[in-house]
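[1] Sharing a model that was predicted from the sequence below.
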Amino acid sequence: MTILTETKDGPLVLSPDQVEELGRALDELRARVVADLGDADREYIYSIIKAQRGFEIAGRSLMYLGFLPPFWLAAVAALSVSKILDNMEIGHNVMHGQYDWMRERGLNSREFEWDTVCPADQWKHSHNYMHHTFTNIHGMDRDIGYGILRMDEAQQWNPLRLGQPLYAFALMVLFEWGVMGHDLEVENIIRGKKSWSDIKRLVKGQWRKAGRQVLKDYLVFPALTGPLFVSTLAGNTAANLVRNLWAFSIIFCGHFPTGVQTFTEAETAEETRGEWYVRQMLGSANITGSRLFHIMSGNLSHQIEHHLFPDLPANRYPQIAPEVRDLCEKYGLPYNTGSLGEQVGSVWLKIFKLALPAFLVGKESTPGVIVMRQRNTTEVGV
């Protein structure tokens, strides 16, 4: 595995022993957190659920006064917060199994459903399994560009890439629909690699889930406000838009800013636990911010910690982040972090840059960390 980062003295070489030592340290960190899970974590998630429901009730209620602009804006703001909390700090984390240890039906990853058009079971396949298992591996992790964007130089350029900024903007605005369609692998349908029989079950599930969401947000709740139907419809649409813009920004900042690295299948074949950890650390990035910011991001502002320990309650990520950062410093690995503005700017710069062919924008330098992999008594640095 060749990892693209650079030290002032040239490439850093990690031996197999160092990689496995790092893996053991992270395993021990995880074990300490698991052993400490209890009432505080239970109280935390229930406080978030209570807040989310409170914001939703407030938003729905304020829509009855939506003929007054200040109340309409307040309703949209409350509904936006409710949907963000439901998707980010509750839905995403519960469906990762972060609260399965509580053995409470409402927080069970196998049964939970969230307030978005994507069916939970399809999201868990494309995200929990495909993305978190094969993080940033070309040809396996479809989250690299979501099938429509070129987010890494190793992805082939063609003239259609010139429209990439527009594709990214459309994906941002319609993000919940993009997430819903992710498991369909639309690009493979277009190429003839998948047939109707391959996606029939998925489409049926999406039709049912999206149909319920559309009915709820764009017909039932607006109808309940009677003569304010249009005002409420506009408010619900605005709240979904705010949630989409926020979720897109947080997720892309955790995966695509400058310095986040990708890998090949050959580099990661027969990967050890320690090597998997290294890949997760180098394939994700954090965002700095306040405690409220971290909550509103679902603590995905700690994307590095999330990729290391996706099934640990996310409220624990800020606590363990300093120790993870110390381990990165100890072994010379980068700990990619920055403000929301810095990471968003970096992501959009990459979107625009990679829309162009390499001869116009050049390529980033590639010297870096070499992880030595011992196979059949032979050490190889790829």
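    Now that the structure is in, tell me what you want to look at.
[2] just how off-centre is stretch 159-167 within its chain?
    22 Å (CA atoms, centre = their mean, to the nearest Å).
[3] mind checking the end-to-end distance for it?
    In terms of CA to CA, to the nearest Å, the two terminal residues of stretch 159-167 are separated by 13 Å.
[4] Show me which residues of that stretch are buried.
    Using 16 or more other CB atoms under 10 Å as the test for burial, stretch 159-167 gives Arg161, Gln164, Tyr167. (Each C-beta comes from the backbone N, C-alpha and C, glycine too.)
[5] Is it correct that the first one is in contact with Ile148?
    No - under the criterion of CB atoms under 8 Å, Arg161 makes no contact with Ile148, lying 10.0 Å away.
[6] before we move on, back to that, can you add pLDDT and secondary structure and give the buried residues of stretch 159-167 back as CSV?
    What follows is the buried residues of stretch 159-167, written out as CSV (pLDDT from 0 to 100; DSSP: H, G, I helix; E, B strand; the rest coil):
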residue, pLDDT, secondary structure
Arg161, 95, helix
Gln164, 96, helix
Tyr167, 96, helix
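[7] and which of those residues is nearest Asn286?
    Within those, the smallest distance to Asn286 is 25.0 Å, found for Gln164 (CB to CB).
[8] if we can go back for a sec, in a markdown table: the buried residues of stretch 159-167, plus distance to Ser284.
    Below are the buried residues of stretch 159-167 laid out as a markdown table (distance: CB to CB, whole Å):
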| residue | distance to Ser284 |
| --- | --- |
| Arg161 | 24 |
| Gln164 | 22 |
| Tyr167 | 23 |
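[9] Go through stretch 118-136 and flag the buried ones.
    118-120, 122-124, 126-128, 130-132, 134-136.
[10] How about the contacts made by Gly254?
    By CB atoms under 8 Å, 6 or more residues apart in numbering, Gly254 lies in contact with Ser284, Ala285, Asn286, Ile287, Leu300, Ser301, Gln303, His306.
[11] Mind doing that once more with 10 Å?
    Under the criterion of CB atoms under 10 Å, 6 or more residues apart in numbering, the contact list for Gly254 reads 260, 283-287, 297, 300-304, 306-307, 336, 343, 347.
[12] and it, what helix or strand is that in?
    Using DSSP states H and E, Gly254 sits within helix 229-255.
[13] buried residues in that helix?
    Under the neighbour-count criterion of 16+ other CB under 10 Å, helix 229-255 has 231-236, 238-244, 246-255 buried.
[14] for whichever helix or strand comes after it, packing partners?
    The first helix or strand that comes after helix 229-255 along the chain, using DSSP H and E, is helix 273-282. Counting contacts by 3 or more CB pairs under 10 Å, 6 or more residues apart in numbering; DSSP states H and E, helix 273-282 is packed against strand 2-3, strand 13-14, helix 16-36, helix 303-308, helix 317-331, strand 369-371.
[15] Alpha carbons of the third one, in CSV - could you do that?
    When you say that, I think you mean helix 16-36. Written as CSV, here are the backbone C-alpha positions of helix 16-36 (Å, rounded to 0.1, in the frame of the first residue of the first chain):
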residue,chain,number,x,y,z
PRO,A,16,4.4,-4.1,9.4
ASP,A,17,5.1,-4.1,13.1
GLN,A,18,4.4,-0.3,13.4
VAL,A,19,1.1,-0.7,11.5
GLU,A,20,-0.1,-3.6,13.7
GLU,A,21,1.1,-1.7,16.8
LEU,A,22,-1.1,1.2,15.7
GLY,A,23,-4.0,-1.2,15.1
ARG,A,24,-3.7,-2.6,18.6
ALA,A,25,-3.7,0.8,20.2
LEU,A,26,-6.9,1.7,18.3
ASP,A,27,-8.4,-1.6,19.3
GLU,A,28,-7.6,-0.9,22.9
LEU,A,29,-9.1,2.6,22.6
ARG,A,30,-12.3,1.1,21.2
ALA,A,31,-12.5,-1.5,24.0
ARG,A,32,-12.2,1.2,26.7
VAL,A,33,-15.1,3.2,25.2
VAL,A,34,-17.3,0.1,24.8
ALA,A,35,-16.6,-0.8,28.4
ASP,A,36,-17.7,2.7,29.5
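[16] Which neighbours do Arg161 and Ile148 have in common?
    With CB under 10 Å, 6+ apart, Arg161 and Ile148 have common neighbours Tyr167.
[17] Spatially nearest residue to Ser297, not counting backbone neighbours?
    Leaving out its chain neighbours, the residue that sits closest to Ser297 by CB to CB, 6 or more residues apart in numbering is Ile250, at 4.7 Å.
[18] And for Trp72?
    In this structure, Trp72 finds its nearest non-sequential neighbour in Gly66, 4.3 Å apart by CB to CB, 6+ apart.
[19] dump the residue contacts of that neighbour.
    72-76, 222, 225, 228, 230-232, 234-235.
[20] ok, the residue nearest the centre of the chain - contacts?
    Centroid-nearest residue in the chain, with CA atoms, centre = their mean: Ile251, separated by 4.1 Å. Going by CB under 10 Å, 6+ apart, Ile251 touches Met88, His92, Asp143, Tyr146, Phe175, Val179, Ser297, Gly298, Leu300, Gln303, Val347.
[21] From the residues you listed, which land in helices?
    Mapping the contacts of Ile251 onto helices (DSSP state H) picks out Phe175, Val179, Gln303, Val347.
[22] Good, we can wrap up now.
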